[in-house]
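*Asks:* Generate a structure from the sequence data that follows.
(one chain, ligands or ions: 4)
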Amino acid sequence: KRLADEILTGIEENQFTAHYQQQFDASTRELVGLEALLRWNHPTEGLLVPARFMEVAEDINALPTLDHMVLETALAHRRRWCSAGLRVPRIAVNVSMGRLRDERLADMLRAMAIEPGTLSFELTEAIYLDESDEVVCDNIRGIKDLGIDIEIDDFGTGYASIVSLMRLQPTRLKIASQLTAAVSTSSAQRQLIRSIVEIGRTQGIGVVAEGVETLEQAHILTELGCQTLQGYALGRPADADEMARLMIEE
Ligand code: G
Ligand code: G
Ligand code: MN
Ligand code: NA
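*Replies:* Ligands and ions are numbered 1, 2, ... in the order given. Now for the predicted structure:
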């Protein structure tokens, strides 16, 4: 209860912000994306990661609001970075089911005048549950019409059938970190990733490996055909100022 109240106060007082993690082209190691990750500047506890409050935030239906705050924050950071002369890659934001069910989503996005090709939405496999939901389908169409990419987050860990996921025609699949982690120890795991890459290739869908923790994993995932890599081995989440410094070095 206390945490729930603190979250609501935190929303009112703008205590939430975004950190960013880099995504690199697997072959060229060029910076191709940033994933925006929710962080809470808690007044007494310091900086909190989602694990500390997501469950309660979900219980009180605060996720759509937090998603929106992260998006606005990311757009503001992009403007600031661009004004400073930095070349800013596509930014990916996580989108909860609650937000995808919001009838006002497409209008809200249109009002934000997002430049096509600069933004990506990460959806979890939970969307398959709502395949017959008109609002969700309209929103996905609306998102695509605005030139925003769709990515399936944590691919391979949910309950969705491959058929239903492919019907969404996502731009990219993000291979879950659980799958990435085993790649240097198990050949069965490598074969599984090869199959996912192959599905992506035949469907015209890119594959991102997340949770890349060692350079050996990065090397193997590149060999297996993943186009994009994200993980601690290549870059940890960092705040907007730190990310600006990293982009200057690029
Ligand atoms: O940044 P971190 O590793 O702590 O993120 C943990 C989880 O929180 C991940 O599953 C991630 O998808 C989720 N998450 C991070 N930022 C957001 C956000 O802005 N909105 C939603 N809905 N989930 C987020
Ligand atoms: O579910 P989602 O993909 O949005 O979660 C992203 C989360 O994964 C972020 O909170 C980020 O902090 C975390 N993360 C990023 N890189 C790594 C990594 O290399 N290993 C692990 N275990 N987690 C990572
Ligand atoms: Mn994500
Ligand atoms: Na993920």
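
*Asks:* residue contacts, residue 144?
*Replies:* residue 150 (CB atoms under 8 Å, 6 or more residues apart in numbering). Any C-beta I mention is one placed from the backbone N, CA and C, and that applies to glycine too.

*Asks:* Okay, buried residues for the helix ranked longest in the chain please.
*Replies:* If you go by DSSP state H, the chain has its longest helix at helix 63-83. Buried residues in helix 63-83, counted by 16 or more other CB atoms under 10 Å: 63-71, 73-75, 77-78, 81.

*Asks:* for these, which one is nearest residue 54?
*Replies:* The nearest member of the buried residues of helix 63-83 to residue 54, counting by CB to CB, is residue 63 at 7.7 Å.

*Asks:* Could you name the helices and strands sitting against whichever helix or strand comes after the longest helix of the chain?
*Replies:* Of the helices and strands lying after helix 63-83 in sequence (DSSP states H and E), the nearest is strand 90-94. With contacts taken as 3 or more CB pairs under 8 Å, 6 or more residues apart in numbering; DSSP states H and E, strand 90-94 sits against strand 31-42, helix 63-83, strand 119-123, strand 149-155.

*Asks:* For this protein, give me the ranges with low pLDDT.
*Replies:* 1, 125-131 (pLDDT under 70).

*Asks:* Alongside ligand 4, which residues does it contribute?
*Replies:* 153, 154 (CB under 5 Å from the ion).

*Asks:* where along the chain do the strands fall?
*Replies:* 16-25, 31-42, 46-48, 90-94, 119-123, 149-155, 172-175, 206-209, 228-229 (DSSP state E).

*Asks:* Pick the most deeply packed of these.
*Replies:* Mean neighbours per residue, mean count of other CB atoms under 10 Å, is largest over the strands of the chain for strand 172-175, with a mean of 27.

*Asks:* So which elements touch that one?
*Replies:* Secondary-structure packing of strand 172-175 (3+ CB pairs under 8 Å, 6+ apart): strand 149-155, helix 187-203, strand 206-209.

*Asks:* In contact with residue 31: list those residues for me.
*Replies:* Neighbours of residue 31 in contact, by CB under 8 Å, 6+ apart: 22, 23, 24, 25, 89, 247, 250.

*Asks:* If it is in a bridge, with which residues?
*Replies:* Note on residue 31: beta-bridge partners by DSSP bridges are residue 24.

*Asks:* Straight-line length of stretch 144-161, end to end?
*Replies:* In stretch 144-161, first residue to last residue: 22 Å (CA to CA, to the nearest Å).

*Asks:* ditto for stretch 119-132
*Replies:* 26 Å.

*Asks:* Same question for stretch 210-218.
*Replies:* Length of stretch 210-218, first residue to last, CA to CA: 10 Å.

*Asks:* buried set for it?
*Replies:* In stretch 210-218, counting by 16+ other CB under 10 Å, buried: 210, 211, 212, 217, 218.

*Asks:* Count the neighbours of residue 4 for me.
*Replies:* Residue 4: 14 surrounding residues under other CB atoms under 10 Å.

*Asks:* residue contacts, it?
*Replies:* Taking CB under 8 Å, 6+ apart, we find residue 4 in contact with 56, 59, 60.

*Asks:* likewise residue 216?
*Replies:* Contacts of residue 216 (CB under 8 Å, 6+ apart): residue 184.

*Asks:* Residue 65 now?
*Replies:* residue 11.

*Asks:* again with residue 234
*Replies:* Counted by CB under 8 Å, 6+ apart, residue 234 has contacts 22, 24, 212, 218.

*Asks:* okay if I get these as CSV plus distance to ligand 3?
*Replies:* Output for these, formatted as CSV (distance: CB to the ion, whole Å):
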residue, distance to ligand 3
22, 13
24, 16
212, 14
218, 18
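
*Asks:* so what's residue 208 closest to, chain neighbours aside?
*Replies:* residue 228 (4.1 Å; CB to CB, 6 or more residues apart in numbering).
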